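> next one to model:
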Amino acid sequence: MGWTIRPEVPAGLLHYSEDADIREFRPHVPRSNPGVAPAVWAIDPARAPLYWFPRNCPRVAVWANDAGGADRLRALFETEATRVQAIPVEWRDAVDDCRLYEYRFAAGPFSPWPDAEGQWVAHEPVVAESIEPVGPLVQKHAAAGIELRFVDDLPQLRTQALACGLPFSIVRFPDLGTFPGSGRVEGT
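Numbering: from 1, shown residues only. Prediction:
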């Protein structure tokens, strides 16, 4: 699916890690996408909540970029939020225990990655301008107005996300394949 809206260069870009000691980010090929060129990966602030989780936590997110999408999200996912993020219930303790750090980059060396909304890449080493602890993740979601669901059946929610016609992200599913018309789908 790629971008569902036109990319606009943000004031800054973000990267999340449980490692607070990264001094320089060097281009690499992600294990989940071995066919892409080496890059440093960052996310724009609007999509940053996709990474407010422990790294290996399976998750599904669905959101709206406009009023029509918000109406559709509300109807299909029975929510008043403009974003729903869900993880398996057995990951609750790991989310509560996670110590996550936000690295902030200048946008200059990055360009939009066309395959996924909110993703930006740089093809040169990058040093973060700052690093800050994120704080308790459940509270971070609540403060941002995101409905965070802990579910027994994440594959069912993945199926719903794939069929809903809204922007979505699916991360860390061990059985990922290629989905026609899919949004951001990332494996392990």
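
> you'd agree Leu13 is in a helix?
No. Assessed with DSSP: H, G, I helix; E, B strand; the rest coil, Leu13 is strand; it does not lie in a helix.

> give me the number of residues near it?
If you count neighbours by other CB atoms under 10 Å, Leu13 ends up with 29. (Glycine included, C-beta is placed from N, CA and C.)

> the spatially closest residue to it that is not a sequence neighbour: what's it in contact with?
Of all residues not flanking Leu13 in the chain, Ala42 sits nearest, at 3.7 Å (CB to CB, 6 or more residues apart in numbering). Residues near Ala42 by CB atoms under 8 Å, 6 or more residues apart in numbering: Leu13, Leu14, His15, Phe105, Phe110, Gln119, Trp120, Val121, Ala122, Val126.

> now swap in Tyr16 and tell me
With CB under 8 Å, 6+ apart, Tyr16 has these contacts: Ile43, Ala48, Tyr51, Trp52, Leu100, Tyr101, Glu102, Tyr103, Val134.

> pretty sure it is in a strand, no?
Yes. Per three-state DSSP, Tyr16 lies within a strand segment.

> hey, what's it bridged with?
Glu102 (DSSP bridges).
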